[in-house]
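1. Need a 3D model of the following:
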Amino acid sequence: MSYSYPFSKDWSTTEIVEVVQFFEAIENAYENGIKREELMKKYRRFKDIVPSMAEEKTYFREFEKESGYVCFPIIKKMKETTTGAIIKGAGK
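-> Numbering: from 1, shown residues only. This next block holds a predicted model:
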């Protein structure tokens, strides 16, 4: 992957790493599929760091622009599925 991940300069190193791990989970959903619980855990941590819906949308757009991966459909699918499901994106 030759793109950069969106982050804030105000975040700690740990927060940056955790946000990057969330975006990597989105990539995994598109590439291989990801367990709902794993994605949910990473999304909850992302929301701890980025609680504002407006900010979330901004970071999602930046990530999509850089990578081509769209976060919203993956998050929607995660919220609509049950425990034990594998979340898979429909292509880039």
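
2. what bridges to residue 86?
-> Here residue 86 sits in beta bridges with residue 35, as judged by DSSP bridges.

3. Mind naming the longest helix for this protein?
-> Ranked by residue count and defined by DSSP state H, the top helix of the chain is helix 13-31.

4. Would you map the helices across the chain?
-> Listed from the start of the chain, the chain has helices (DSSP H) covering 13-31, 36-49, 53-67, 71-80.

5. Including distance to residue 87, could those helices go into a markdown table?
-> Where C-beta positions appear, they are placed from N, C-alpha and C, glycine not excepted. Supplementary listing: the helices of the chain in a markdown table, determined by distance: least, Cβ to Cβ, whole Å:
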| stretch | distance to residue 87 |
| --- | --- |
| helix 13-31 | 5 |
| helix 36-49 | 6 |
| helix 53-67 | 16 |
| helix 71-80 | 5 |
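
6. closest to residue 86 out of these?
-> Nearest to residue 86 among those is helix 36-49; the distance by Cβ to Cβ comes to 7.2 Å.

7. got a list of contacts for that closest one?
-> The set of residues external to helix 36-49 that reach it, using Cβ atoms under 8 Å, 6 or more residues apart in numbering, is 11, 15, 18-19, 21-22, 25, 29, 56, 74-75, 78, 81-87.

8. what do you get for stretch 55-72?
-> By Cβ under 8 Å, 6+ apart, the surrounding residues in contact with stretch 55-72 are 1, 3-6, 19, 23, 26-27, 30, 46-47, 50, 89, 92.

9. related to what we said a few turns ago, what is the mean pLDDT for the longest helix of the chain?
-> The average of the pLDDT scores along helix 13-31 is 97.

10. Make residue 1 into 51 and carry on from there
-> OK, 51 is where the count begins now, so the last one is helix 63-81.

11. what comes up buried for it?
-> If you call a residue buried by 16 or more other Cβ atoms under 10 Å, then helix 63-81 has these buried ones: 65, 68-69, 72-73, 75-80.
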